[in-house]
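# okay, sequence plus prediction incoming.
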Amino acid sequence: MKKLKALVTALISAGCVLTGTPAKAELSPEAVANGVYEGIQHIHGYQATPKLVWNVRHGQRGGCGAVRGSHYCGRNHTVYIAQQDIRMAYQHGDAALAYIIAHEYAHAMQAAHSFMPRTTASAELQADCLAGVYLRSIPNLTLDQRDVQEIMTFAYRVGDYAQWSRNHHGTPAQRVKAVALGLQSSPKGKGLAACQIN
């Protein structure tokens, strides 16, 4: 865990966004989507599992209107993973796509199990934390140091400083810290409880 904390600190200090060239043994987006989605469902006992629609084109109609990016739609209980987000994730590596899927799945669980925080930023940071817990809890999935770096640099990249906006998702540093908390909490047995935000 000291190595993970040092990595988080280094990434935040350096303002690191890209990892450079992703590893050559990257899994395909389809393999990542299928593997993560199959593995993640057991965490909540296969209850309220949303439908997954991945590789969605920008502007394609979804249950909540035109798809502008990856999101969870409560109207039809569906997770949408957008093409542009898949491409952006793979600038970091396949673990970054796994993080997107886990983050959106977390929003579905927040809604289904009624533990959604009141503000958008709190809900997003909790989903980041839950994504970390979920990824560490998937059977037969091992995240190595490079996978963690891919996740952290992507989380940093998608942070924002628009605190005045109702769509504020958390600063880059907040997002990295939230996902790191989830990654650290799962092996320590704290799991989902570590991500509770009022």
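Ah, there it is.

# could you verify my assumption that Val148 touches Leu183?
Yes: contact criterion Cβ atoms under 8 Å: Val148 and Leu183 qualify, at 6.7 Å. No exception for glycine: its C-beta is placed from N, CA and C like everyone else's.

# these two: which has the busier surroundings?
Leu183 (25 against 22; other Cβ atoms under 10 Å).

# pull the number of nearby residues for the residue nearest to that one when sequence neighbours are not counted.
With sequence-adjacent residues excluded and distances taken as Cβ to Cβ, 6 or more residues apart in numbering, Leu183 is closest to Gly132, at 3.9 Å. Residues within reach of Gly132, counting by other Cβ under 10 Å, total 30.

# what mean pLDDT does the one helix or strand Gly132 maps to get?
For Gly132, the element it lies in under DSSP states H and E is helix 120-137. Averaged over helix 120-137, pLDDT sits at 93.

# buried set for it?
121, 123-137 (16 or more other Cβ atoms under 10 Å).

# using PDB, write out every CA atom in it.
Taking Å, rounded to 0.1, in the frame of the first residue of the first chain, the C-alpha atoms of helix 120-137 are listed here in PDB:
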ATOM      1  CA  THR A 120     -23.100  15.700  -8.100                       C
ATOM      2  CA  ALA A 121     -19.500  16.100  -7.000                       C
ATOM      3  CA  SER A 122     -20.000  13.800  -4.000                       C
ATOM      4  CA  ALA A 123     -21.900  11.200  -6.100                       C
ATOM      5  CA  GLU A 124     -19.000  11.300  -8.700                       C
ATOM      6  CA  LEU A 125     -16.300  10.900  -6.100                       C
ATOM      7  CA  GLN A 126     -18.200   8.100  -4.400                       C
ATOM      8  CA  ALA A 127     -18.500   6.400  -7.700                       C
ATOM      9  CA  ASP A 128     -14.800   6.800  -8.200                       C
ATOM     10  CA  CYS A 129     -14.200   5.200  -4.800                       C
ATOM     11  CA  LEU A 130     -16.700   2.400  -5.600                       C
ATOM     12  CA  ALA A 131     -15.000   1.800  -8.900                       C
ATOM     13  CA  GLY A 132     -11.700   1.100  -7.100                       C
ATOM     14  CA  VAL A 133     -13.400  -1.300  -4.700                       C
ATOM     15  CA  TYR A 134     -15.200  -3.100  -7.500                       C
ATOM     16  CA  LEU A 135     -12.100  -3.500  -9.600                       C
ATOM     17  CA  ARG A 136     -10.200  -5.000  -6.600                       C
ATOM     18  CA  SER A 137     -13.100  -7.300  -5.900                       C
END
